[in-house]
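**Q** Test case, fold it:
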Amino acid sequence: MGSALRTELTWLLSSLHDPRYVARFQELCGVRGTFTGNHAGARDSGEKTDADQRKTPSREGKGKHQDINGAVNGTANGAAGESARARPSGGSGKDGMARGPLRRNSLTGEVGHQFVISNRFLYYVFTLGTELGNELFYISFFPFLTWNVDPFVARRLIAIWVWVMYLGQCTKDLLRWPRPASPPVVKLEVFYDSEYSMPSTHAMSGTAVPLGLFLLTYGRWEYPLPLGLALALSWSMLVCVSRIYMGMHSVLDVIVGFLYSLLILVVFYPALDALDTFTLSSRYAPILVVSFHALLGLFSFTLDTWSTSRGDTAQILGTGAGIAVSSHLNYQLALIRDPPASMLPLQAPPLSLGLLGWSLLRFILGVLMLIVTRAVMKALTIPLVCRAVGIPSGDVRKARQNMQVELPYRYIVYWTIGFSAFFLVPFVFSCIGLY
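**A** Numbers count the residues shown, from 1 in each chain. Purely as a prediction, here's the structure:
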């Protein structure tokens, strides 16, 4: 009985991880690849490609798909190789819209292969879904929540996001499962193709953020329970399914990411109140939080090989540390005040042109300040770090592939952005009367 159950479970997990299911889902949604040469033939005949047969890299990370810095090359993680690559094109054919991946791989410069979209509606819907798990969304959503809605909810939600993303990135590099093979899968996105696949951190953040937002706001704000729960689950499902549509994750990757995120919420959420109180009120909180985040980074940065996940982890930890320090200063200086308990539950103010105008003005000015801060810090930090570690800074992309450059650069830049979003921008708003 037990043996039969294990066999069935193994078969189920293997099926859910099969890239052919991803390819079939893409075909149902109107995605068609333009593979060339032997790869296309392998797809039609059902034979395994080189990418299907590729083994997971060894723990020492010295596989043939790495350069001298340990960076995964263009074919290392489910990519199709040169014979299946083509430059993106924005043209339209008689069978649909010819497109290329949304963004090239930030580490390797890989542009991916071309594909044809016959269902534009689903393409735009799932593109929106995958963007809900990317940097541009978070650098807009979290500050908007802070400046215009509820800073109490924002800082606690960010703490959840940091933990979920950190644990997800570390788990990826411990398991070291490759991305779905292409072909048969069509890669609509190659930006994160150098990272490993299990679990999907998009699915994790796309689950933790909306469900965390629901948990933090229900009872604090007045709105119907069914509406809040439906919006949170719809947000989560959109992000999760979009990763299969984009060809970046198997069905199993997404399911595990969803469940893993729920597990982290169950364990972490009860401690959130005590952690937030400590961060705001303890005189030792800034140094302890920064030190703890640095220790977490040192642990994660020793895992496996170098890929874009290393820089993303430094970015997450830096952002969380910067926001923690700025939240402490806000509390001590009473720059951003949480509504007193006597005002709860909060009610959404009636919509008006004045409210929309002030909110939009704060958002636009604040984001512009963050964009300028990010650009200035990048321009200053990369050459300084390169000089400190003795690496040429002429080719920025190549220099960033070195761990000694990428880690401090990402941590410093995004620590500054987190600090600016929660302290410097609100301070400027208070000075010019926008608060």
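
**Q** which residues in the stretch 151-300 of the chain form helices?
**A** For the stretch 151-300 of the chain, helices defined by DSSP state H, counting those that start in this stretch occupy the ranges 151-175, 201-217, 225-245, 251-268, 272-281, 285-300.

**Q** Which residues are in contact with Gly133?
**A** 201-202, 205-206, 239, 243 (Cβ atoms under 8 Å, 6 or more residues apart in numbering). C-beta: built from backbone N, CA, C; applies to glycine.

**Q** Quick check: which helices or strands does the helix or strand containing Ala375 pack against?
**A** According to DSSP states H and E, Ala375 maps onto helix 353-389. Judged by 3 or more Cβ pairs under 8 Å, 6 or more residues apart in numbering; DSSP states H and E, the packing partners of helix 353-389 are helix 135-144, helix 396-400, helix 403-419, helix 425-432.

**Q** ranking the ones you listed by burial, who's on top?
**A** Across the helices and strands packed on helix 353-389, averaging neighbours per residue (mean count of other Cβ atoms under 10 Å) puts helix 403-419 on top, at a mean of 23.

**Q** about what we covered before: which of the helices and strands packed on helix 353-389 has the lowest mean pLDDT?
**A** Among the helices and strands packed on helix 353-389, helix 396-400 carries the lowest mean pLDDT, a mean of 71.

**Q** For that one, output the C-alpha coordinates as PDB.
**A** Extracted in PDB, the C-alpha atoms of helix 396-400 (Å, rounded to 0.1, in the frame of the first residue of the first chain):
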ATOM      1  CA  VAL A 396      29.300  47.600 -16.500                       C
ATOM      2  CA  ARG A 397      27.300  44.400 -17.300                       C
ATOM      3  CA  LYS A 398      30.500  42.300 -17.300                       C
ATOM      4  CA  ALA A 399      31.700  43.900 -14.000                       C
ATOM      5  CA  ARG A 400      28.300  43.100 -12.400                       C
END
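
**Q** Which elements pack onto that helix?
**A** Against helix 396-400 (3+ Cβ pairs under 8 Å, 6+ apart) you get helix 353-389, helix 403-419.

**Q** how big is the angle separating the longest one from helix 403-419?
**A** So that's helix 353-389. Interaxial angle of helix 353-389 relative to helix 403-419 (axes from the mean of the first three to the mean of the last three Cα atoms, to 10 degrees): 150 degrees.

**Q** now helix 353-389 against helix 425-432, angle please.
**A** 130 degrees.

**Q** How about the shortest one?
**A** Between the axis of helix 403-419 and that of helix 425-432 there is an angle of 40 degrees, by the same axes, to 10 degrees.

**Q** Pull the distance from helix 403-419 to the chain's centre.
**A** The chain centre lies 16 Å from the centre of helix 403-419; the measure is Cα atoms, centre = their mean, to the nearest Å.

**Q** do the same with stretch 127-139
**A** Worked out by Cα atoms, centre = their mean, stretch 127-139 lies 8 Å from the chain centre.

**Q** same thing with stretch 337-355?
**A** 30 Å.

**Q** who touches stretch 147-155?
**A** 142, 145-146, 213, 216-217, 220-221, 276, 323, 327, 330, 336, 338-339, 346, 359, 362-363, 366, 422, 425-426, 429.

**Q** distance of the closest residue to Phe214 other than its chain neighbours from Leu265?
**A** Spatial nearest neighbour of Phe214, chain neighbours left out: Ala232 (4.2 Å); criterion: Cβ to Cβ, 6 or more residues apart in numbering. Applying Cβ to Cβ, to the nearest Å, the value for Ala232 to Leu265 is 12 Å.
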